[in-house]
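[1] What follows is a predicted protein model with its sequence.
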Amino acid sequence: MPKQVDQALIEKFLRGGCSAKEEELVRSFLKNPESETVLNEILSNNQTKDFALFEDENVAHIKQAHWLRTINLRIAAENEKELPVKKRLNFKYAAIWTALIISTLSVYLLFHFSKSQQQALAYIERINPNGQRSKITLSDSSVVYLGAGSRLKYPERFSANKREISLYGEAFFEVTKNPKKPFIIHTGTVRTQVLGTSFKIKAFKNKPLSVEVATGKVRVDELKGDKIQSLAILIPGQKVVYFEGKANTADVAVTDVTGFMRAQLAFRNSSLLEICETLERWYNVKISFKTQHKSRDRMTLTIDATVPVNKLLNVLAAAGKFNYNIKNNEIIIR
């Protein structure tokens with residue numbers, strides 16, 4: 001390889017970033033027999049990276065334009081006037097390059113077609129009204145405990161390279177471990193990503209979003225257009241609360257996180273209003289306050305949401321020092 005032409009310069013040429021002088025140097029080199037070995041080395045070194053790029057729809061079109069440009073540059077190079085022997089060499093390497101580019105385009109088409117098939121997968125949406133909970137087993141054996149007043153959208157079968165679902169509301173996840181296939185939960189603009197772990201997400205409209213981890217490691221990001229803002233990387237016993245552009249991390253008892261599966265609702269220094277909003281979803285009742293200052297009282301307790309609502313309110317009233325009336329599904333706290 002001439003001293004002025006190295007692998008970096010050839011890759012720069014393929015990306016279309018060379019100056020006129022650099023292009024002339026590379027074109028001259030590509031006419032030499034030794035260029036075939038170098039080109040094969042470059043293709044081999046970049047194979048893994050290229051296949052990763054093929055999985056990204058946005059990149060595929062850019063690479064396709066690059067390949068077409070490379071073809072045009074090679075054709076332009078072959079049109080230069082040369083001696084007959086050099087012309088034969090040029091046509092030989094033009095054929096090699098054409099074969100390589102056609103093969104690459106075939107790979108692109110294969111991946112693109114595969115992606116179209118993945119997009120056509122059937123999706124399932126499970127909706128729990130207030131007063132109803134459910135346990136959902138996904139196609140990879142991951143289990144979701146979906147809370148009341150919540151909904152989950154997921155594919156009938158996951159795609160080949162990732163597991164992706166959408167959640168509104170509250171759910172506890174037991175994700176089957178698969179290092180090659182990340183598990184991603186979308187809650188509005190926030191994305192929670194894991195490889196295999198158990199954790200709880202709470203994401204209701206106009207309320208703070210929280211992610212609490214029982215086992216494994218969890219990454220939480222906010223997606224802002226093309227930008228990704230990291231909110232937290234959590235380990236067992238940690239949580240992040242995100243609201244109005246601010247993310248705060250704190251410790252959380254693992255038993256409080258896992259208790260959700262058994263309808264154990266843990267409240268730590270929560271207002272009575274926050275507690276009652278949760279009970280409204282879990283019991284499908286309407287709770288109001290005769291005096292608003294009472295709703296601001298704070299309590300720390302764990303509730304067993306499997307007992308009837310009147311028995312639960314007896315315990316809550318004794319702890320919070322209030323009275324209440326029940327009529328049908330309406331509860332007034334005094």
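    Happy to help now that I have it. Numbering: from 1, shown residues only.
[2] any idea where the helices of the stretch 151-300 of the chain begin and end?
    Using DSSP state H, counting those that start in this stretch, the helices of the stretch 151-300 of the chain run over 254-258, 272-283, 292-295.
[3] Mean pLDDT and mean neighbour count for the ones you listed - can I get that in CSV?
    (Glycine included, C-beta is placed from N, CA and C.) Shown next, in CSV, are the helices of the stretch 151-300 of the chain (pLDDT from 0 to 100; neighbours: other Cβ atoms under 10 Å):
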stretch, mean pLDDT, mean neighbour count
helix 254-258, 96, 18
helix 272-283, 96, 19
helix 292-295, 91, 12
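[4] Tell me who's in contact with the residue most central in space within the chain.
    Centroid-nearest residue in the chain: residue 184, 3.8 Å away (criterion: Cα atoms, centre = their mean). Going by Cβ atoms under 8 Å, 6 or more residues apart in numbering, residue 184 touches 162, 163, 164, 165, 191, 192, 193.
[5] follow-up on the earlier one: now the helices of the stretch 151-300 of the chain as JSON lines including distance to residue 203?
    Conversion of the helices of the stretch 151-300 of the chain to JSON lines gives the following (distance: least, Cβ to Cβ, whole Å):
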{"stretch": "helix 254-258", "distance to residue 203": "15"}
{"stretch": "helix 272-283", "distance to residue 203": "13"}
{"stretch": "helix 292-295", "distance to residue 203": "23"}
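[6] rewinding a little: in PyMOL, how would I select just the buried ones from the contacts of residue 184?
    Those of the contacts of residue 184 that count as buried under 16 or more other Cβ atoms under 10 Å are selected in PyMOL with:
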select buried, resi 163+164+165+191+192+193
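[7] Would you reformat the contacts of residue 184 as CSV and include distance to residue 8?
    Listed next are the contacts of residue 184 as CSV, based on distance: Cβ to Cβ, whole Å:
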residue, distance to residue 8
162, 33
163, 38
164, 37
165, 42
191, 35
192, 39
193, 34
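[8] So which of the contacts of residue 184 is the closest to residue 289?
    Taking Cβ to Cβ as the measure, residue 289 lies nearest residue 192 of the contacts of residue 184, at 33.5 Å.
[9] Please verify my assumption that that closest one contacts residue 219.
    Yes - with contact defined as Cβ atoms under 8 Å, residue 192 counts as touching residue 219 (7.3 Å).
[10] How far away from the center of its chain is stretch 242-262?
    Centre-to-centre, stretch 242-262 and its host chain are 19 Å apart (Cα atoms, centre = their mean, to the nearest Å).
[11] For that stretch, what is the spacing between the initial and final residues?
    Taking Cα to Cα, to the nearest Å, stretch 242-262 runs 25 Å from one end to the other.
[12] Among the contacts of residue 184, which lie within strands?
    Using DSSP state E, the members of the contacts of residue 184 that fall within strands are 163, 164, 165, 191, 192, 193.
[13] residues contacting residue 274?
    So residue 274 contacts residue 267 (Cβ under 8 Å, 6+ apart).
[14] Equivalent analysis for residue 288, please.
    Residue 288 sits next to 330, 331, 332, 333 when contact means Cβ under 8 Å, 6+ apart.
[15] Which pair of the residues you listed spans the longest distance?
    Greatest spatial distance in the contacts of residue 288: 330 and 333, 11.1 Å, computed using Cβ to Cβ.
[16] Point out where the stretch 101-250 of the chain drops to low pLDDT.
    Scanning the stretch 101-250 of the chain for pLDDT under 70 picks out the ranges 101-121.
[17] hmm, try it at 50
    Scanning the stretch 101-250 of the chain for pLDDT under 50 picks out 101-118.
[18] what about the strands in it?
    123-128, 134-137, 143-146, 150-155, 163-174, 183-187, 190-194, 198-203, 209-215, 218-224, 227-234, 238-243, 246-251 (DSSP state E, counting those that start in this stretch).
[19] Counting by contacts, list what the second one packs against.
    Contacts defined by 3 or more Cβ pairs under 8 Å, 6 or more residues apart in numbering; DSSP states H and E place strand 134-137 against strand 123-128, strand 143-146.
[20] anything in contact with each of residue 330 and residue 333?
    Common neighbours of residue 330 and residue 333 (criterion: Cβ under 8 Å, 6+ apart): 287, 288.
[21] So between these two, which is more surrounded?
    For residue 330 versus residue 333, the count of surrounding residues by other Cβ atoms under 10 Å is larger for residue 333: 22 against 11.
[22] Tell me the bridge partners for that one.
    Beta bridges link residue 333 to residue 289, residue 324, judged by DSSP bridges.
[23] try residue 249
    Listed beta-bridge partners, residue 249: residue 240 (assigned using DSSP bridges).
[24] Test my guess that it contacts residue 238.
    Yes - counting by Cβ under 8 Å, residue 238 is a contact partner of residue 249 at 6.1 Å.
[25] intersection of neighbour lists for those two?
    residue 232.
[26] So which of these two has more stuff around it?
    Using other Cβ under 10 Å, the more surrounded residue of residue 249 and residue 238 is residue 238, with 20 against 16.
[27] got the buried residues for stretch 303-315?
    303, 305, 309, 312, 313.
[28] Please list the members of these that lie in helices.
    Counting by DSSP state H, these place 309, 312, 313 in helices.
[29] what sits against residue 322?
    Residue 322 is in contact with 272, 294, 333, 334, counting by Cβ under 8 Å, 6+ apart.
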